[in-house]
Structure formats: C-alpha cells, structure tokens
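K.L.:
Here is a sequence with its predicted model. Questions after.
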Amino acid sequence: MQLRPCERSVWSNTCGLACPTLPQEQSATSAKMKVVPGPQGATATEIKLAAPDGSSSAEAGGGNPMFGHKTPNQEQVPAADAQPSNDPLPKPQHESAASQLALRPLERFFHDTWAPLIDRFKYPILVLFVILFGVGIGFAVQLRGLSEAESFIPDDHPLGVAGTWMTDEFRSSAADDTVVVTFTWGVSGIDREGINRYKPQEKGTPIFDGSFDPSAPQAQSDVLATCDAAHTVEQYKSEDSCWMRAFQDWRVAQGMTFPAVASSGQDQSTYFISEAQRFCATPLATRSCSNGEMGIVDGKGVRLMQVKFSLFLIPNEPYTTTNPVSEKWQEFVEARNAASAPGVNKAIQTAGRAWQGMITERELLNSAINGMSISIAVAFLVLMISTQNIITGSFATLTILGIVITVMLTVAALGWEMGIAVSVAFVILVGFSVDYVVHFASSYMEVEHERKAGSAPLSRFSRMQSSLTVMGVSVLAGAVTTFGASVFLFPAVVIIFQVMGTILMSTIAYSLLWSTVFFPAVMMAFGPVGDYGDLTVMYRALRAKCSAPPSPSPTGASTSAPTAGDTAGAWKSNTGAAAPGAAAPADTDGSTA
C-alpha cells in the first residue's frame, strides 16, 4: 500500500521510530498487496512479502505489515521503508497459505455475510430508509419550544413534590408575583463595554436619549394616552404606576389645568421641570419619584420616565406562553411611538426576568438549529476533503443528515420539547453522527487509490466490502464503548443528564444503523466507480482544458486541443465503463461490467 505524505509522516514519527527506515542500511523487503476474488466476485486482500533474493516472506522471515493480522508463519513487522509494488489488480488467487491475510471472526462476518446481504437487498433497504427519512422530517418539524415550565428534578423527588404543591395546591392571591411590563423613555440602551459579564453587579452605563423631552403639552398628553390604552393589550391586569397620571391628578387637585402649559414669555421646558419638582415634593409623588420613575438631573432636565403595568402572566412561564404576550406588548409600544409627538416617541418595553428567560429559550432553540446546520455544512466540507470525491462526500453527508433527522424523530415521539436539555444535546448531535460514516467513506476511496493506473476499476461491491471488512470492527467497538458510557447518565437525579444520555444513546445506535446499512447500500447502488467524481481528476482535467493552446479552425474560430483528461475517467458516466483501451471493471458476480 503506497503511503501518502501525511501517512508516511505519522508512521515515521510513531511506529517507524522502532523500525528500520533506510533501505541502504539493511536488506529491504518489498510488500506486495494483492486482491483475490472472494464470494460473489468479492475481493479479499492478500499481503505477500518478498526478500531481495526473490524468496517469499515465509522463507525470508518477513512479517505481515498490518498489526493484529498474522499470517500462519509470520510474526514480525516489515521495515518502515518497504515499498509496495505496483502490480495490476486483480491477481490470480494461487498463493501459498503463508501469504493469505487471516481475517478475524468479525471481519469475516462483515466480509462474507454482511456485505453480500446488503448488496442483495440494497434497493429495498434504500426504500425503507427513504420512508424513515420522510417520517423523521414530519416529526422534526413539529418540535417546538416548551409549552410548560421545564423541570430539572423528577416530579416524585422531594424537591419536585414541594414545587408541585407550591404551584398547584395553593390558591393564587393578589400578593403573588406577576410579570410587570415597564415602558421607559429617555434611555436607548446600556453601554457594557469593559464590564465582566460573569459579575452580575456590573450592569454597565445607561445610554441616555438626548431627544427625550416630555415638557411639550402634546408630549404630556401622549404619555398619558399610553397609560390609558395599555388595558387593551393581552394579559393586562392593572396599572402599576403612571407618573403622568399622578401628575395630572395633582394639578387638577391644585386647581390647575393639564397638560402643564407655560404662560406667555416663560420657557416651556423650565416651567415643566419646576412643576415636576413641586409635584415630587408632595406625598402623592413619593412612590413615583423615589423609585426613579421620573429622573430629573441637577434640576436642569428630565432624563428618563417610566410607567409600569402588571400582567396576569406569572414568572417562569415557558417560551410558548411568554413569547406571544411579549410580541403583543412590543407591537403596542411600536404603535404608541408612531402616534406620539417627538420627544416621547422612542419608548422601550422590558419585563425583567420574564422576557430574559423567554429570550434565553429562544436563543437556545435557534442556536441548536444553527449549530446543527453549520455542523452539517462543515462535515460536508471535511468529507469532501478527506474522500476527495464529490459523490462519496455527498452520500456520507446524506447519511449524517439521516442520523440527525432520526434522532429528532425519537425526541418528538417521546413527547419532549425543545428545552435547555434537548437544545444543548442537539448541538453535539452532529459530532457523534459523523464519526462512523467517515471511516467507511475514507476506506471506500482508499481501496481505489491502491489500484494501478490503467487497470480495471474495482466494482462498487468490492470496494464497499473491503471498507466494511477493514473498518467494521473498529466502528462496532467504538459504538459499543460510547453506548456503554451513556448508561451511567441515567442514574443521575437531574433530568438534563437523563435527557442527554437518551439522546446520546439514540445517536450512537442510529449512527451505527445508518453507517452500516444505509451507507453501504447507497454506495453499492450508486457509489463512484473508478475515478468518477474524483475532485483531483476533475481539477486536472479542467486545468488541462483551460491551459491547452487554442488551434485555429478553417472558419477562424478557436478550438482547444482535446486532452487525456477529457476522455479518461473524470467525465465518464457513472456506470463503471472504462475509458477506451482500459479493462472493464469486475462486477459483483465476477463478470465484466
């Protein structure tokens, strides 16, 4: 097997450190890799070592170059500099028993049983997985945010029972906490530059709106109109405070008119500030002014104003309950801003932890979807680079997408919703889905890379059978260990660990299913043959076409000279047919394609 630069570097810096590397320093040994027909025309790999005198490895005392695979009379490992021959494939199967590569039981199962079974039923398998994919999409699109508050402790746990009693067994009263929506004028945002987000006491510096000015008569009326119209918004319970209404009541009680209008020759802003200060000095305004609902700085100007409304909504409600209410109040504040006079037309609405929790749930849901989308796109690029084949990379990515969809089907079937636990688990879902199929995809391409140029391309079945034989044991062992590690998450009391354990185990199970059933079936049916879909071959052909000098035609038109890449493997149809003059590939039954 010819080592590529990256593989040779890894070998020379690991196992090669303990092995001879210079052929000049000792007798070199050349490794000849052969492919012999197996069941249904399949190919089994043989490795035969030849010493410089032409004797076989059994006679020369050579060893099998693959760790863990010992031929009957071989125990040593060949020199790191042993170069494989470029003998054409396939070769006759008449070889001594010492040169046959011994397969372990699981490898024999994948080679002799599993691969032929998948090949025999590949089209029914593809139909079943297409149906499963469609059903999974139908369930996946039904996943929504939480419809009730997420529980982190089981209901039968003492803490869970106490929480249930507090919320369900005791009647609510007017003293219970409810969500309070606050309208604020005069502040456009908060400057958090230089603060530590992990220190709650560092809140940042408010950014005041320089255009805010409630002194104009129309501005005073518009603020009061906002308080009057709030009762029409969804979940409105009561008016918690409205500074402008209290200011109006005070002026009417004093025998003055509202809105406050300066007399002729007096500045309106100065007059309004003085009246506001007089009002704040009265017991009637103690609550509004002391709570910062009217902010007058140094007696020179009003910097902010707030009004507050209580809702029937209780805190810690789920996203699906809180979000519609938040949207209605946002629509209301935008409508009031559009209808209000300049100076009071930039109000913002907040609701403390209620809106914060809602936004957090929404961002977790969006992050899960965006994270999966980005991960699948990155996985596609990685698979394209690792396999260097657009068809293999596309089918491998389709396999990953199928795994993700099937896991989402399981989550929806269990009745779970997109809470914190599920959203976090979905972010790591794609990473576990990539692991197995990438091994099979790379091995499928590696078999073809070992073929001598000009020889007959291997059939799809032969390549996939070799991939399953070489990688099947490693993939199965990895699945068993990861699946077993997930079991230890279930005894945990906190629900999030149980959810992540279920999703992790489902991901491993579905990854194994899709990578060992669907991916072999689709590759045996539609996988690339020869160098069809090979990115490097396509690039060389395109480069040769573009760099070929134009030749003048009798009519004066310029045409490019045909190149070998135009007629070789890069652009031939995906049927297994070789270029003119090349041998035809062996089909799964041993005949020529």
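P.N.:
Nice, thanks for sending it over. Numbering: from 1, shown residues only.

K.L.:
where's residue 308, which helix or strand?
P.N.:
Assigned by DSSP states H and E, residue 308 belongs to strand 301-311.

K.L.:
Please apply the same query to residue 349.
P.N.:
strand 348-350.

K.L.:
Output the contacting helices and strands for the following helix or strand past that strand.
P.N.:
Where DSSP H and E defines the elements, the next helix or strand beyond strand 348-350 is helix 353-387. Contacts defined by 3 or more Cβ pairs under 8 Å, 6 or more residues apart in numbering; DSSP states H and E place helix 353-387 against helix 319-339, helix 390-413, helix 420-427, helix 429-449. For every residue, glycine as well, the C-beta is placed using N, CA and C.

K.L.:
So what are the sheet partners of the strand holding residue 308 and their directions?
P.N.:
strand 180-185 (antiparallel), strand 236-242 (antiparallel), strand 294-297 (antiparallel) (DSSP bridges).

K.L.:
what's the angle between it and helix 353-387?
P.N.:
90 degrees (axes from the mean of the first three to the mean of the last three Cα atoms, to 10 degrees).

K.L.:
relative to helix 319-339, how tilted is strand 301-311?
P.N.:
Using the same axes, to 10 degrees: strand 301-311 against helix 319-339 is 140 degrees.

K.L.:
mean confidence for strand 301-311?
P.N.:
Strand 301-311 shows a mean pLDDT of 86.

K.L.:
same deal with stretch 477-491?
P.N.:
89.

K.L.:
can you pull the contacts of residue 149?
P.N.:
Residues counted as contacts of residue 149 (Cβ atoms under 8 Å, 6 or more residues apart in numbering) are 316-318.

K.L.:
if we go to 6 Å?
P.N.:
The contact partners of residue 149, taken as Cβ atoms under 6 Å, 6 or more residues apart in numbering, are 316, 318.

K.L.:
mind checking the SS state of it?
P.N.:
coil (DSSP: H, G, I helix; E, B strand; the rest coil).

K.L.:
Distance-wise, check it relative to residue 541.
P.N.:
Distance of residue 149 to residue 541, given as Cβ to Cβ, to the nearest Å: 61 Å.

K.L.:
neighbours of residue 202, just the number please.
P.N.:
By other Cβ atoms under 10 Å, the residues close to residue 202 number 11.

K.L.:
now do residue 249
P.N.:
14.

K.L.:
Equivalent analysis for residue 145, please.
P.N.:
19.

K.L.:
What does the pLDDT read for the closest residue to it other than its chain neighbours?
P.N.:
Once flanking residues are discounted, residue 145 sits nearest to residue 319: 3.8 Å by Cβ to Cβ, 6 or more residues apart in numbering. On the pLDDT scale, residue 319 is placed at 81.

K.L.:
Touching, residue 364 and residue 423? I think so.
P.N.:
Yes - at 4.0 Å, residue 364 counts as touching residue 423 under the criterion of Cβ atoms under 6 Å.

K.L.:
follow-up on the earlier one: ok, the residue nearest to residue 145 - contacts?
P.N.:
Contacts of residue 319 (Cβ under 6 Å, 6+ apart): 145-146, 358, 361.

K.L.:
for residue 142, same thing?
P.N.:
residue 412.

K.L.:
hang on, it in a helix?
P.N.:
No - per three-state DSSP, residue 142 lies outside any helix segment and is coil.

K.L.:
Going forward, the N-terminal residue is numbered 4.
P.N.:
Done: numbering now begins at 4, and the last item shifts to residue 145.

K.L.:
Backbone dihedrals for it, please?
P.N.:
Dihedral pair for residue 145: phi -90, psi -10, per degrees, to the nearest 10.

K.L.:
Could you identify the helix or strand that succeeds the helix or strand of the chain with the lowest mean pLDDT?
P.N.:
When the helices and strands of the chain are scored by mean pLDDT, DSSP states H and E, helix 60-63 comes last with a mean of 36. Following helix 60-63 in sequence order, the next helix or strand is helix 108-111 (DSSP H and E).

K.L.:
Need the contact partners of the following helix or strand past that following helix.
P.N.:
Using DSSP H and E, the helix or strand that follows helix 108-111 towards the C-terminus is helix 118-123. The contact list for helix 118-123 (Cβ under 6 Å, 6+ apart) reads 43, 464, 468, 471, 523-524, 527.

K.L.:
neighbour-wise, which of those leads?
P.N.:
residue 468 (32 neighbours).

K.L.:
and the helix or strand where that one lies with helix 432-452, angle?
P.N.:
If you go by DSSP H and E, residue 468 is part of helix 463-490. For helix 463-490 against helix 432-452, the angle between stretch directions is 150 degrees (the same axes, to 10 degrees).

K.L.:
Next, work out how far apart residue 109 and residue 116 are.
P.N.:
Distance from residue 109 to residue 116, by Cβ to Cβ: 10 Å.
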